[in-house]
Each structure stands twice: as C-alpha cells, then as structure tokens.
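> Pasted the sequence and its predicted model underneath.
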Amino acid sequence: MTQAPARLDELEKRVAALEARAKGGAVDACPLCGGEMKVVSVMPHPTFGTFGIQQHSLACQSCTHSEKRKVDPNKS
Ligand SMILES: [Zn+2]
C-alpha cells in the first residue's frame, strides 16, 4: 500500500478545509489558485435583500478571481 500516505495527506487537507468552513469563518479558498478569499463588500442581496439576505463579494488575495455569495445572516 504505497499509495496510502499520499491519499491520507489529501484527505487530511480536505477535512481541514471542511472544518475551516464549518467554523463559519470568512476565510475561503480560491477555486482557481487556492489563495485566500476575503470579503470585500457586503450589500443587500438584489433579489432577497428584502428578506434580510446579504450579498458578499469576495476577492482572492493571490489572483484576480472574485465571486459573489448569497449569505443569510440569520442562519448561524
Ligand atoms: Zn486565486
């Protein structure tokens, strides 16, 4: 089983990423480069803003990738 250590290492990384997400931190990994995504703006969601839903804009600190995310602040 020479492949086991590499697979375990990959699994550990995946679990660590999931745990970081489960803790509800604003830190997210860029899907393109794996860099740190940071929230750069928070505004009412264009469709669901009336329900208190927010739209977060995130920007990667390592490349130019950015994305928008629907966030419900009422959910913890
Ligand atoms: Zn990136």
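Thanks, I have it.

> contacts, neighbours, all on C-alpha from now
Fine.

> For the residue most central in space within the chain, give the beta-bridge partners.
Nearest to the geometric centre of the chain sits D28, at 3.2 Å (C-alpha atoms, centre = their mean). In this structure, D28 bridges to M37 when assessed by DSSP bridges.

> hang on, it packs against E36?
Yes: with contact defined as C-alpha atoms under 8 Å, D28 counts as touching E36 (5.9 Å).

> which residues in the protein form strands?
In the chain, the strands defined using DSSP state E lie at 28-29, 36-44, 54-60, 66-71.

> For the first one, which helices and strands make contact with it?
Translated: strand 28-29. When contacts are defined as 3 or more C-alpha pairs under 8 Å, 6 or more residues apart in numbering; DSSP states H and E, strand 28-29 packs onto strand 36-44.

> And for the third one?
The helices and strands touching strand 54-60, judged by 3+ C-alpha pairs under 8 Å, 6+ apart, are strand 36-44, strand 66-71.

> mind giving me JSON lines with those and columns for mean neighbour count and distance to the ion?
Formatted as JSON lines, those follow (neighbours: other C-alpha atoms under 10 Å; distance: least, C-alpha to the ion, whole Å):
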{"stretch": "strand 36-44", "mean neighbour count": "16", "distance to the ion": "7"}
{"stretch": "strand 66-71", "mean neighbour count": "15", "distance to the ion": "8"}
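
> Format those as JSON lines; extra columns: distance to G52 and mean pLDDT.
As requested, the helices and strands packed on strand 54-60 are exported to JSON lines (distance: least, C-alpha to C-alpha, whole Å; pLDDT from 0 to 100):
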{"stretch": "strand 36-44", "distance to G52": "7", "mean pLDDT": "95"}
{"stretch": "strand 66-71", "distance to G52": "9", "mean pLDDT": "94"}
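
> so who does C63 touch?
Contacts for C63 (C-alpha atoms under 8 Å, 6 or more residues apart in numbering) come out as 33, 35.
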